[in-house]
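1. Provide a 3D model corresponding to the input given below.
(chains A and B)
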Amino acid sequence: MTNVISELKKDYLYNLFLKGERADGRTFDQYRDFSVERNLISKAEGSALVKLGSSQVLVGVKMQPGEPFPDTPNKGVIITNAELVPLASPAFEPGPPNETGIELARLVDRGVRESKAIDLEALCITPGKQVWIIFIDVHILDDCGNILDASSIGAIAALLTTKVPASKFGLGEDYPLPVKDIPLATTAIEFGDVIMFDPDSDEESIANTKLTVITKADGSICGMQKSGTGVLKEEQIYRIVDIACEKAKEIREKFLEE
Amino acid sequence: MKMIAMDESNISFFKEGLRLDGRRADEFRPLKIEVGVLARADGSCYVEMGGNKVIAAVYGPREVHPRHLQEVNRAIVRCRYNMASFSVEERKRPGPDRRSHELSKVSREALEPVIFTSYFPRSVIDVFVEVLQADAGTRTAGINAASVALADAGIPMKSMISACAAGKVADTIVLDPMKEEDNFGQADMPIAMTPTGEITLLQMDGHLTTDEFHQAMAMARKGCRDIYEIQRNSLIERYNQLGAELPVVQEAEVV
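-> Numbering: from 1, shown residues only, chains lettered A, B, ... in the order given. Next up, the predicted model:
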């Protein structure tokens, strides 16, 4: 289920990398331009369409009252799902989520959860009985590479626009969802000792190692994941983490400006 | 999942500088590795790490089913991480859930980099990890077991893979967090690497500053190194034993 890429193109890209260049003219740590459109889906409590280069990801947030988990009776619940629908890439197939989809959803979830971005205690309605359940649904529309970072931007953007639909359930007035942090995933690939951020789909398909670093607004790390069948050296990891912190800061600034 | 009503605020993780189970910050739990514990599998290994009891089996290289999965120029590697329903406090529903899908993926990706897959085109190397008893750190225990099982199966590899986690509790970096530290701690970071320090698995959740991350890395690196020695010794011991048991072959008389 990987992208097919011709040997010629692979060779071309590799030779570019050796010269320190990328096919679309970016530097190795440069992100593609991105935009966030908010509240496109009026039926959802919050939504965001992220375009990162040509990649497009739509994230919708729905909320409804439900039962809390027995071990956290006074906390709201976050449920994150990702759909890699076949319209988004020739490599996606219909059917239940595969490993890649599950990993993506769990990483987006990890960012939101571990950064404590949402004040879950504020989402308790009746302790032990009823709390707000937040469903974060990531819908990949166009996979032109690095859909994870796009999804992570989309998730927090959608959450920032979310209104708790209290009136719909007879629980008082609607109010904005309490969001306290902006966790962002930053992904780099490694290829022949070249480290490259925000890979497009061709770059993704020739690299066999990826590292995602999720950072909080204060620059600390709240999640990490290596994926792919290659290895990383310790220095490479430190390098990625350092640049990732910087890049996340840039994205966050750009993101708050809008 | 039911848990004791505790949180980070009212639990003390250290008593007189030692952890709840008497370990120092940079010590891992007692590790026991047994090689060749299953008769049917091509390679197998049983690992006990603290309260974790994990068994790994390797089958192959063998024919790929379904056939469309086969690759013409290399073997594919499959990994299935599975938890027994009785392995945790509250019964786990049998079968794979989202967590075990993810762990299967990262475990496979932790092992595959050292396997010479190009030696066995059109075939599959299957790795099965069964968690019999879970006590924080099952994925690392599983990877340690799987790596030894691969060696036991005679799969050509560039090196072994050793795994362990570093964590953060009460603002202190600790090696190999146990259940309490994992549940109520501030960060968990499982790592797998080759003996030369090439990292094949890296995950992290929780909260770490960059400095703490460097510290955790250093601690995990040393942990993996020590675990590697234990893995290596368990293999040597097993094969020395086998050598001793081999029957002496009588030379046939030539008439």
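2. closest point of the stretch 51-200 of chain B to chain A, which residue?
-> B:Glu198 (3.9 Å; CB to the nearest CB). In short, each C-beta sits where N, CA and C put it, glycine included.
3. all helices of the stretch 1-150 of chain B, in order?
-> B:98-111, B:138-152 (DSSP state H, counting those that start in this stretch).
4. repeat for chain A
-> A:7-18, A:99-114, A:147-161, A:201-206, A:234-257 (DSSP state H).
5. right, so these: which one is the most enclosed?
-> Compared across the helices of chain A, helix A:147-161 shows the largest average neighbour count, a mean of 27 (mean count of other CB atoms under 10 Å in any protein chain shown).
6. and the helices of the stretch 1-150 of chain B as JSON lines, adding mean neighbour count?
-> Shown next, in JSON lines, are the helices of the stretch 1-150 of chain B (neighbours: other CB atoms under 10 Å in any protein chain shown):
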{"stretch": "helix B:98-111", "mean neighbour count": "22"}
{"stretch": "helix B:138-152", "mean neighbour count": "29"}
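7. how close does the residue of chain A positioned farthest from its centre sit to chain B?
-> When each C-alpha in chain A is compared with the mean C-alpha position (CA atoms, centre = their mean), A:Gly170 comes out farthest, at 32.8 Å. From A:Gly170 over to chain B the distance is 31 Å, taken as CB to the nearest CB, to the nearest Å.
8. Now B:Ile76: closest residue in space, sequence neighbours ignored.
-> B:Val124 (5.1 Å; CB to CB, 6 or more residues apart in numbering or on different chains).
9. May I ask you to confirm that that neighbour is in contact with B:Arg78?
-> Yes: B:Val124 lies in contact with B:Arg78 (CB atoms under 8 Å); the separation is 6.0 Å.
10. what about the two, which has more around it?
-> Applying other CB atoms under 10 Å in any protein chain shown to B:Val124 and B:Arg78 shows that B:Val124 carries more neighbours, namely 20 against 17.
11. who's that one bridged to?
-> On the basis of DSSP bridges, B:Val124 is bridged to B:Arg62, B:Ile76.
12. tell me the contacts of it?
-> B:Val124 makes contact with B:60-64, B:69-70, B:75-78, according to CB atoms under 8 Å, 6 or more residues apart in numbering or on different chains.
13. export those residues to a markdown table and tack on distance to B:Cys164?
-> Shown next, in a markdown table, are these (distance: CB to CB, whole Å):
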| residue | distance to B:Cys164 |
| --- | --- |
| B:Gly60 | 27 |
| B:Pro61 | 29 |
| B:Arg62 | 31 |
| B:Glu63 | 35 |
| B:Val64 | 32 |
| B:Leu69 | 32 |
| B:Gln70 | 34 |
| B:Ala75 | 28 |
| B:Ile76 | 27 |
| B:Val77 | 22 |
| B:Arg78 | 24 |
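14. How far away from the center of its chain is stretch A:94-109?
-> Offset of stretch A:94-109 from its chain centre (CA atoms, centre = their mean, to the nearest Å): 12 Å.
15. what's in contact with it?
-> Counting by CB under 8 Å, 6+ apart, A:1, A:78, A:80-86, A:136, A:138, A:147-148, A:151-152, A:155, A:185, A:212, A:214, A:223, A:225, A:227, B:98-99, B:101-102, B:104-105 sit against stretch A:94-109.
16. quick check, B:Ala166 in a strand?
-> Yes: applying DSSP: H, G, I helix; E, B strand; the rest coil, one finds B:Ala166 inside a strand.
17. Pipe the contacts of B:Val124 into TSV and attach distance to A:Ser42 and pLDDT per row.
-> Formatted as TSV, those follow (distance: CB to CB, whole Å; pLDDT from 0 to 100):
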residue	distance to A:Ser42	pLDDT
B:Gly60	53	89
B:Pro61	55	96
B:Arg62	54	92
B:Glu63	54	93
B:Val64	48	93
B:Leu69	43	94
B:Gln70	48	94
B:Ala75	51	97
B:Ile76	46	97
B:Val77	46	97
B:Arg78	44	95
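18. Separate out the buried members of those residues.
-> B:60-61, B:64, B:70, B:75-78 (16 or more other CB atoms under 10 Å in any protein chain shown).
19. Can you pull the poorly scored residue ranges out of the chain?
-> All of this refers to chain A. A:1-3, A:256-258 (pLDDT under 70).
20. Correction: the question concerned chain B.
-> B:1-10, B:246-252, B:254-255.
21. now the strands for it?
-> B:14-15, B:18-19, B:31-35, B:43-49, B:52-63, B:76-83, B:123-133, B:162-169, B:172-175, B:187-193, B:199-208 (DSSP state E).
22. Give me the most central residue, chain A.
-> Central residue of chain A (CA atoms, centre = their mean): A:Ser152, at 2.1 Å.
23. Report the contact partners of it.
-> A:107-108, A:111, A:183-185, A:214.
24. Can you name the residues of chain A sitting close to chain B?
-> Residues of chain A lying near chain B by CB under 8 Å from any CB of the partner chain: A:69-71, A:99, A:102-103, A:105-106, A:110, A:114, A:211, A:216, A:219-234, A:237-238, A:241-242, A:245.
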